[in-house]
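J.: Show me how the following folds:
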Amino acid sequence: MPAQPPTVLVVEASPDARDAILAQLATRGYRVAVAPDGETALAEVAAHRPDAVLLADELPGMAGAEVLDRLRADDELAAVPVIMLTRGGDREALLGALRRGAHDYVVAPFDPAELDARVIAALRVKALHDQLVEANRRLAAQAMTDELTGLANRRHGAHELDRAVALAVRHGAGHALALVRVDVDRFKSINDTHGHQAGDDVLAEIARRLAASVRGGDELARWGGDEFVAILPATEREGALRVAERMRASVAAAPVLVAGAEIPVTISVGWAHWVGDTPDDLLARADRSLYAAKDGGRDTVRPVR
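T.: Below you'll find the predicted structure:
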């Protein structure tokens, strides 16, 4: 799908001045929105997030400087570049607008080439800002995500467990919280027999099945290697057992198909219910139940004893 052209909002009370600016912008193929006053402009920016705003300093009801102040006071709108349109050309007023956060200004009568150049520069700044925001978003997601499975990684999972326990502490001992630990049975033999790439494919498929088994409010993380942890907020013991059993059954239901080979896979599952202990203690108790499941023959679920 081709990229949409940038959107420019023109905030101008004078119909003649507005029409002249719109005609100029039309030659560039921009999408254009208009607002005749400050209140309408603020509503347009909040609703449609234009890529640049051409803002007249003289407006009915609310001066352009106040509109600029309100835009810059809103963290979600502060990045939208604003070009002030001024008829006075007062140096102090123009400098004041720049100090307030205006990206640029144009003095009437507007030279078409100058207006065009300043809009292009503002749009370039907005595009670079958006690219930086997207890059930071991707980096943040990568820092929290396990690359192989797409699940939360251990670091993010541990953070969510700390948060869940803190919330439980705040609400008291009656607050329900459960933790499930999962380990793939005999995973080393899968790597030894089929190779590490096949092992990675198996882990990715197990992660998909486990993710389909937990509920929307649960947090599933790859804890490392072939081990997974699920944090189950607001979950009583009976609910934890149901989720744990559903996770086990989802993996055992069918072999994993890798490069034409059907690889039977099962998991052992241990779980523990929060009883006022720390995140580390809760993990340790769930780990003991996981070892009990291993000792109990694998492909089984054990609660903590």
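J.: just so I have it, where are all the helices in this protein?
T.: According to DSSP state H, the chain carries its helices in the segments 15-26, 38-48, 64-73, 91-100, 112-144, 154-171, 187-194, 196-213, 237-252, 279-295.
J.: Ranked by average pLDDT, which of those falls at the bottom?
T.: Least confident of the helices of the chain, judged by mean pLDDT, is helix 91-100 with a mean of 84.
J.: What is the distance between that helix and the centre of its chain?
T.: Computed by C-alpha atoms, centre = their mean, to the nearest Å, the chain-centroid distance of helix 91-100 equals 36 Å.
J.: tell me the angle of that helix relative to helix 64-73?
T.: Angle, helix 91-100 to helix 64-73, by axes from the mean of the first three to the mean of the last three C-alpha atoms, to 10 degrees: 20 degrees.
J.: mind listing what's buried in stretch 234-245?
T.: Buried residues in stretch 234-245, counted by 16 or more other C-beta atoms under 10 Å: Ala234, Thr235, Ala240, Leu241, Val243, Ala244. C-beta coordinates here come from the backbone N, C-alpha and C atoms, glycine included.
J.: From these, pick the one nearest Ala198.
T.: Using C-beta to C-beta, Ala244 comes nearest to Ala198 of the buried residues of stretch 234-245, at 26.5 Å.
J.: what's near enough to touch the closest one?
T.: Going by C-beta atoms under 8 Å, 6 or more residues apart in numbering, Ala244 touches Val180, Val269, Trp271, Val301.
J.: Filter those residues down to the buried ones.
T.: Val180, Val269, Trp271, Val301.
J.: quick check, nearest of those to Tyr105?
T.: Among the buried ones among the contacts of Ala244, and counting by C-beta to C-beta, the member closest to Tyr105 is Val180, at 59.7 Å.
J.: Test my guess that that closest one contacts Arg242.
T.: No. Assessed by C-beta atoms under 8 Å, Val180 is found out of contact with Arg242, at 10.9 Å.
J.: quick one: contacts for Asp200?
T.: By C-beta under 8 Å, 6+ apart, Asp200 lies in contact with Leu148.
J.: Tell me the buried residues in stretch 249-268?
T.: Within stretch 249-268, the residues scored as buried using 16+ other C-beta under 10 Å are Ala249, Ser250, Val251, Ala252, Val256, Val258, Ile263, Val265, Thr266, Ile267, Ser268.
J.: The last one and Leu290, how far apart?
T.: The spacing between Ser268 and Leu290, counted by C-beta to C-beta, to the nearest Å, is 6 Å.
J.: any common contacting residues for the two?
T.: Joint contacts of Ser268 and Leu290 (C-beta under 8 Å, 6+ apart) are Val182, Asp183, Arg302.
J.: so the second one sits right up against Ala292, yeah?
T.: Okay, so that is Asp183. No. With contacts counted by C-beta under 8 Å, Asp183 stays clear of Ala292, the gap being 11.8 Å.
J.: If we only consider the contacts of Ala244, which is nearest to Gly199?
T.: Closest to Gly199, out of all of those and judged by C-beta to C-beta, is Val269, at 19.8 Å.
J.: Hmm, that closest one is touching Asp299, no?
T.: No. Using C-beta under 8 Å, Val269 is not in contact with Asp299, being 9.1 Å away.
J.: Which residues are in contact with each of those two?
T.: Residues touching both Val269 and Asp299 (C-beta under 8 Å, 6+ apart) are Arg248.
J.: ok so, going back, in strands, which of the buried ones among the contacts of Ala244 appear?
T.: The members of these that map onto strands under DSSP state E are Val180, Val269, Trp271, Val301.
J.: from those residues, which single one is nearest Ala17?
T.: Val180 (65.2 Å).
J.: ok, now which ones touch that closest one?
T.: With contact set as C-beta under 8 Å, 6+ apart, Val180 has these partners: Val229, Ala230, Leu232, Ala240, Val243, Ala244, Met247, Val269, Gly270, Trp271, Ala286.
J.: Report pLDDT for it.
T.: With respect to pLDDT, Val180 scores 97.
J.: Could you do the one 4 residues further on as well?
T.: Reading off the confidence values, Val184 has pLDDT 97.
J.: what comes into contact with stretch 247-255?
T.: Under the contact criterion C-beta under 8 Å, 6+ apart, stretch 247-255 has outside partners 180, 182, 206, 209-210, 212-214, 230, 262-267, 269, 299-301.
J.: CA atoms of it as PDB?
T.: In PDB, the C-alpha atoms belonging to stretch 247-255 read as follows (Å, rounded to 0.1, in the frame of the first residue of the first chain):
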ATOM      1  CA  MET A 247      -1.200 -26.200  28.700                       C
ATOM      2  CA  ARG A 248       0.000 -29.800  29.100                       C
ATOM      3  CA  ALA A 249      -2.800 -31.200  26.900                       C
ATOM      4  CA  SER A 250      -2.200 -28.700  24.200                       C
ATOM      5  CA  VAL A 251       1.400 -29.800  23.800                       C
ATOM      6  CA  ALA A 252       0.700 -33.500  24.000                       C
ATOM      7  CA  ALA A 253      -2.200 -33.400  21.600                       C
ATOM      8  CA  ALA A 254      -0.200 -33.800  18.400                       C
ATOM      9  CA  PRO A 255       3.400 -34.300  17.400                       C
END
